[in-house]
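Asks: how would this look folded up:
(one chain, ligands or ions: 1)
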Amino acid sequence: MADAQRAAGIRADGISKRFGDFVALDDVDLAVPSGRLTALLGPSGGGKSTLLRIIAGLDTADTGTVVIDGQDATRLPPQRREVGFVFQHYAAFKHLSVFRNVAFGLEVRRRPKAEIRARVHELLELVHLTQFADRLPAQLSGGQRQRMALARALAAEPKVLLLDEPFGALDAKVRKELRDWLRRLHDEVHVTTVFVTHDQEEALEVSDEIVVINHGRVEQVGSPNDLYDRPANEFVMEFLGPTTRLDGRLLRPHDIDVFADAAPGTVPAVVQRLQRVGFEVRADLRRTDGDQQTFWVQLTPGQVETLDLAVDTPVWVRPARRAAVIEPALT
Ligand SMILES: Nc1ncnc2c1ncn2[C@@H]1O[C@H](COP(=O)(O)OP(=O)(O)OP(=O)(O)O)[C@@H](O)[C@H]1O
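Replies: This next block holds a predicted model:
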């Protein structure tokens with residue numbers, strides 16, 4: 001793809017949007033670096049799709065500006081913004097082959113036939129659908145259909161690619177495969193991509209940068225590691241992974257060290273329940289001092305064996321030195 005397309009970034013500044021009395025977006029700023037894959041992550045109804053639709057020009061903001069590739073796009077119609085869009089449920093042309101579906105945008109632009117053929121073959125190869133070129137969309141699996149949708153969105157050589165829960169309707173295993181595939185595709189194509197998801201694992205695995213959106217506001221922006229290791233607040237910490245509470249402090253259950261004997265800084269507790277979930281063991285503990293607070297820790301089967309843990313085993317615990325902790329004073 002041409003360098004000009006690689007260079008395209010997105011800026012949205014001061015975006016607000018109301019639906020009647022309901023504030024869907026409240027003064028949101030967003031900067032998507034060129035060539036990067038950015039996830040908009042947050043709970044359902046938080047405003048992610050609305051923001052994406054405003055960037056695409058499918059919806060208009062009440063206030064704020066959208067700049068795509070250095071050009072003010074705030075008042076441009078969608079077709080002049082040079083964006084590719086993929087939705088959760090992709091509406092393909094049912095009576096056209098996969099090849100013709102991908103070619104459609106190029107045919108409308110009256111590109112020479114040979115050029116169209118070459119481009120579509122290149123795209124089908126990119127999304128690993130070459131052998132399905134002659135099938136109808138109904139003869140594809142859900143995952144294959146979403147890959148076709150991506151090929152179609154890329155056919156028009158968009159400056160940016162906007163994906164709204166593109167794998168949302170697929171089962172967990174296919175989602176996981178497509179996630180890896182999208183990451184590899186992006187490493188090959190480098191088109192600036194914004195990806196909406198409410199699945200924190202998907203965002204952590206796939207993206208270069210994550211923008212956490214809740215109640216129409218940006219809670220935090222950062223790399224997956226930044227957000228996981230240094231969450232700005234309780235909401236981000238809880239949304240990105242499991243948490244538990246020790247002495248009022250919020251921390252990750254794998255960030256609590258467990259000892260068989262008292263050690264500096266530890267408090268006493270007792271095992272109430274052990275539950276094996278795949279490679280992890282979830283241990284529910286109850287403190288045996290103070291107000292008998294309950295909490296839980298994530299351990300490996302190896303740790304459980306070394307510590308010789310069973311129900312009623314006394315233990316001593318303290319937050320790990322590396323632990324990301326949100327103090328009660330900040331909550
Ligand atoms: N056209 C509309 N008219 C009225 N309310 C709307 C409209 N579009 C969105 N909303 C409301 O705005 C809020 C934000 O919706 P949006 O779809 O942006 O959230 P989201 O974070 O993408 O969630 P989801 O993952 O469920 O799509 C929701 O409460 C939704 O009901």
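
Asks: make it CA atoms for all contacts and neighbour counts henceforth
Replies: Noted.

Asks: Spit out the contact partners of residue 192.
Replies: Under the criterion of Cα atoms under 8 Å, 6 or more residues apart in numbering, the neighbours of residue 192 are 6, 8, 9, 32, 33, 34, 35, 36, 37, 159, 160, 161.

Asks: can you do 10 Å?
Replies: With contact set as Cα atoms under 10 Å, 6 or more residues apart in numbering, residue 192 has these partners: 5-10, 32-38, 69, 83, 158-162, 186.

Asks: what's the offset of the host helix or strand of residue 210 from the middle of its chain?
Replies: Using DSSP states H and E, residue 210 sits within strand 209-214. Centroid separation for strand 209-214 versus its chain: 8 Å, with Cα atoms, centre = their mean, to the nearest Å.

Asks: Could you spell out the sheet neighbours of it, each with its direction?
Replies: Note on strand 209-214: by DSSP bridges, its sheet partners are strand 37-41 (parallel), strand 217-222 (antiparallel).

Asks: do that strand and the ligand meet at all?
Replies: No: contact of strand 209-214 with the ligand (Cα under 6 Å from any ligand atom) is absent, the minimum separation being 7.4 Å.

Asks: For residue 244, grab the count of nearby residues.
Replies: 18 (other Cα atoms under 10 Å).

Asks: Enumerate the beta-bridge partners assigned to it.
Replies: Bridge pairing for residue 244 - DSSP bridges - gives residue 251.

Asks: Any figure for the gap between it and residue 198?
Replies: Distance of residue 244 to residue 198, computed by Cα to Cα, to the nearest Å: 21 Å.

Asks: ditto for residue 167
Replies: Distance from residue 167 to residue 198, by Cα to Cα: 11 Å.

Asks: Kindly report the same for residue 291.
Replies: 36 Å.

Asks: more crowded one of the two?
Replies: Each of residue 291 and residue 198 has its neighbours counted (other Cα under 10 Å); residue 198 has more, 21 against 8.

Asks: Quote the end-to-end distance of stretch 103-123.
Replies: 10 Å.

Asks: Could you do stretch 291-310 as well?
Replies: Taking Cα to Cα, the first and last residues of stretch 291-310 lie 22 Å apart.

Asks: try stretch 28-38
Replies: End-to-end for stretch 28-38, by Cα to Cα: 16 Å.

Asks: anything in it near the ligand?
Replies: No: if you take Cα under 6 Å from any ligand atom as the test, stretch 28-38 misses the ligand, and the best it gets is 12.4 Å.

Asks: one step back: quick one: average pLDDT of the strand holding residue 210?
Replies: Averaged over strand 209-214, pLDDT sits at 97.

Asks: ok so, going back, and the strands paired with strand 209-214 as TSV, adding mean pLDDT and mean neighbour count?
Replies: As requested, the strands paired with strand 209-214 are exported to TSV (pLDDT from 0 to 100; neighbours: other Cα atoms under 10 Å):
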stretch	mean pLDDT	mean neighbour count
strand 37-41	96	27
strand 217-222	96	18
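
Asks: Residue 281 is nearest to which of the ones you listed?
Replies: strand 37-41 (27.8 Å; Cα to Cα).

Asks: Can you name the element that comes right after that closest one?
Replies: helix 48-56.

Asks: Tell me how far that following helix lies from the chain's centre.
Replies: 15 Å.

Asks: For that helix, which helices and strands make contact with it?
Replies: On a contact count with 3 or more Cα pairs under 10 Å, 6 or more residues apart in numbering; DSSP states H and E, helix 48-56 meets strand 10-19, strand 22-32, strand 37-41, strand 63-68, strand 83-86, strand 160-164, strand 192-197, strand 209-214.

Asks: Contact distance from the ligand - what residues of the stretch 1-150 of the chain qualify?
Replies: 19, 24, 43, 44, 45, 46, 47, 48, 49, 50.

Asks: now with 8 Å?
Replies: 18-20, 22-25, 41-52 (Cα under 8 Å from any ligand atom).

Asks: tell me the contacts of residue 266?
Replies: Here residue 266 is in contact with 257, 258, 259, 315, 316, 317, 318, 319 (Cα under 10 Å, 6+ apart).

Asks: These: which two are farthest apart?
Replies: 315 and 319 (13.6 Å).

Asks: Tell me what angle the strand holding residue 210 forms with strand 192-197.
Replies: 40 degrees (axes from the mean of the first three to the mean of the last three Cα atoms, to 10 degrees).

Asks: Mind putting the helices and strands packed on helix 48-56 into a markdown table with distance to residue 240?
Replies: Shown next, in a markdown table, are the helices and strands packed on helix 48-56 (distance: least, Cα to Cα, whole Å):
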| stretch | distance to residue 240 |
| --- | --- |
| strand 10-19 | 24 |
| strand 22-32 | 20 |
| strand 37-41 | 9 |
| strand 63-68 | 28 |
| strand 83-86 | 25 |
| strand 160-164 | 19 |
| strand 192-197 | 12 |
| strand 209-214 | 9 |
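
Asks: Could you count how many residues lie near residue 157?
Replies: Neighbour count of residue 157, defined by other Cα under 10 Å: 17.

Asks: what about it, which SS state?
Replies: Following DSSP: H, G, I helix; E, B strand; the rest coil, the label given to residue 157 is coil.

Asks: Thanks a lot, see you next time.
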